[in-house]
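> Sequence plus predicted model, see below.
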Amino acid sequence: MHRAKIPLLLFFLSCVTPFAPARAAESLIPYQVRTRPYSGLGSTIRGDIQTVGMAGATVGLADSFIAGCENPAGLAMTLRGATLQITENRIQDGHVQHYDNTIPTTNVGVAANPYPYGVSLGFWSPGSEGQPYLHANGERLVPEIYVREYRMSFARVVARDRLSLGATLIMGRASRSLELPGTPQYDASDSSFAVTLGFGLMYQLPGRVLLGASFIPPLHYPSEMPVNTTRGMVNFFQPVETPFRLAVGPGWLPNRFFRAGFELRIAGASPGAALLGNDTRLVGSGVTVDPRLGATYLVADFRNLKIEVALGTYYEMSRTDGASSRLHGTAGIEINPWVLTFGWGMDQSVKYQNFIYCAGIDVVKFLRRLDLIPQEVRPPYAGFLPNPFHMSDEDLPRPMVRNWRGGKPADIVKVGLGMPGRVEKKLRRAGEKIKRLTPGDVVDAVGNVLEDAVDEGPAMKNLR
């Protein structure tokens, strides 16, 4: 359970876009007979605040569930402890559909690395498309295409922890739906599945430079209704094509405060696929190569306060006919006062924005503060602006430490089974203390809290 960080999103379970209009803009759909398949892959970054903030340049780092979706080898090499992530991106992209409409994608997963292995389980959304349209006859349509990939990954370090190999079993599901708000009895939907196996590797060079690579084969989702007629649309339920995905690049992890990465993300062609909103605009006619560059830095490291920032940029080579390629700027910040987590991230470009907001609680840290699970052994706090470039083994994953001298990790099962007893003991002690309290004790306790607040008591001293 070393460095386990499990955020529960209490206030926002997902990222939200505060500027979304109350009523989405509608466009006239230019066809009544669908003749082409759909594309199941978006060309922009989706993920958590750190991944989006550093422009998705994570194939050489892959130290979270979201980043492990790009390269499962990182689960055994660079992941620290265990993570649970719940993320939703709501994207506005004028190259895909009307800018005022959002494109939602959701990612949920859990990952852990019991040395020398790494495992993860969850689902990932590589792309979606959909908005309200007006039919030529004046009727309102709400078509949507959504692709979700359920992923189970496994990795292991070999060659004296210099090499990590990973594989991911992917079961994809493509959903197509057509809603008619005026005549809901004619609503229709269709889903189909595809299965493939993805691969990843990571090799550690001197100086803690990591070379990462991953490959996911193409996925074809056939339509279960190849010839279909719905009210207002003919042959809407076409196949969905997701091309192969290849990512290569280095990562650098000199210490626990700083990490940086560069990546080339290559997406294959999906011949014949076209936009949902206009089947004359082809998507993925050729191979695209997107360079990505990003870094994160822990600028503040105190007992009761941590602040981490991320910056990045990437070049999105357009996959849509008639749309220009774009340069993106990305940023993110996570603030952790006490056991709380607050974060904000953004990805901005021409006719494009993706804002992420979150708030939650670090459950493991909270349980440690209550003394319900074992305390972690960690290095001293570094304060403001620790040196980001010095080489240090402190608090890094075991495969990244040349001469590992750490003890045996805590038995998670044993800790979990013993927790009810510890909770019961805590409650019993608390009840006994409450019974012995007098009105004077309560007044003294309140006075001590106020005195600490005014006179820089222990809580404030911990921030120095």
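Looks like it arrived, so ask away.

> Stretch 132-139 - what's its average pLDDT?
Stretch 132-139 shows a mean pLDDT of 86.

> Where does pLDDT dip in the stretch 201-350 of the chain?
226-230, 232 (pLDDT under 70).

> For residue 100, the count of nearby residues, please.
Burial measure for residue 100: 15 neighbouring residues, criterion other C-beta atoms under 10 Å. From N, CA and C alone the C-beta is placed, and that goes for glycine too.

> can I assume it is in contact with residue 132?
No - with contact defined as C-beta atoms under 8 Å, residue 100 does not count as touching residue 132 (10.4 Å).

> who are the neighbours in contact with residue 149?
123-126, 170-173 (C-beta atoms under 8 Å, 6 or more residues apart in numbering).

> Residue 246 now?
Per C-beta under 8 Å, 6+ apart, neighbours of residue 246: 213-216, 265-268.

> so how far is residue 237 from residue 143?
Distance, residue 143 to residue 237, by C-beta to C-beta, to the nearest Å: 10 Å.

> repeat for residue 123
Residue 123 is 22 Å from residue 237, where distance means C-beta to C-beta.

> Neighbour count: those two, which is higher?
Between residue 123 and residue 237, counting by other C-beta under 10 Å, residue 237 is the more crowded of the two (23 against 17).

> pretty sure that one contacts residue 222?
No - applying C-beta under 8 Å, one finds residue 237 not in contact with residue 222, separated by 10.1 Å.

> quick one: terminal-to-terminal distance for stretch 32-39?
End-to-end distance for stretch 32-39, by C-alpha to C-alpha, to the nearest Å: 19 Å.

> And it, what's buried?
Residues 34, 36-39 are the ones in stretch 32-39 that count as buried (16 or more other C-beta atoms under 10 Å).

> what does stretch 309-329 give?
Neighbour-count burial for stretch 309-329 [16+ other C-beta under 10 Å]: 309-314, 316-317, 319-320, 323, 326, 328.

> Ok, stretch 210-224 next?
210-221, 223.

> Next: stretch 151-171.
Using 16+ other C-beta under 10 Å as the test for burial, stretch 151-171 gives 151, 153-157, 161, 163-166, 168, 170.

> can I get the residues you listed in JSON lines with secondary structure and pLDDT?
Shown next, in JSON lines, are the buried residues of stretch 151-171 (DSSP: H, G, I helix; E, B strand; the rest coil; pLDDT from 0 to 100):
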{"residue": "151", "secondary structure": "strand", "pLDDT": "95"}
{"residue": "153", "secondary structure": "strand", "pLDDT": "95"}
{"residue": "154", "secondary structure": "strand", "pLDDT": "96"}
{"residue": "155", "secondary structure": "strand", "pLDDT": "96"}
{"residue": "156", "secondary structure": "strand", "pLDDT": "97"}
{"residue": "157", "secondary structure": "strand", "pLDDT": "97"}
{"residue": "161", "secondary structure": "coil", "pLDDT": "94"}
{"residue": "163", "secondary structure": "strand", "pLDDT": "97"}
{"residue": "164", "secondary structure": "strand", "pLDDT": "97"}
{"residue": "165", "secondary structure": "strand", "pLDDT": "97"}
{"residue": "166", "secondary structure": "strand", "pLDDT": "96"}
{"residue": "168", "secondary structure": "strand", "pLDDT": "96"}
{"residue": "170", "secondary structure": "strand", "pLDDT": "96"}
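
> The closest residue to residue 158 other than its chain neighbours and residue 155, how far apart?
Excluding the flanking residues, the one nearest residue 158 by C-beta to C-beta, 6 or more residues apart in numbering is residue 165, at 6.7 Å. Noted for residue 165: a distance of 7 Å to residue 155, by C-beta to C-beta.

> Quickly list what's touching both of those two.
73, 200.

> what are the ranges of the strands in the stretch 51-200 of the chain?
In the stretch 51-200 of the chain, the segments counted as strands under DSSP state E, counting those that start in this stretch are 82-93, 103-112, 117-130, 133-134, 140-158, 163-179, 188-205.

> Nearest to residue 62 among those would be which one?
Evaluated over the strands of the stretch 51-200 of the chain, closeness to residue 62 peaks at strand 188-205, with 6.8 Å, by C-beta to C-beta.
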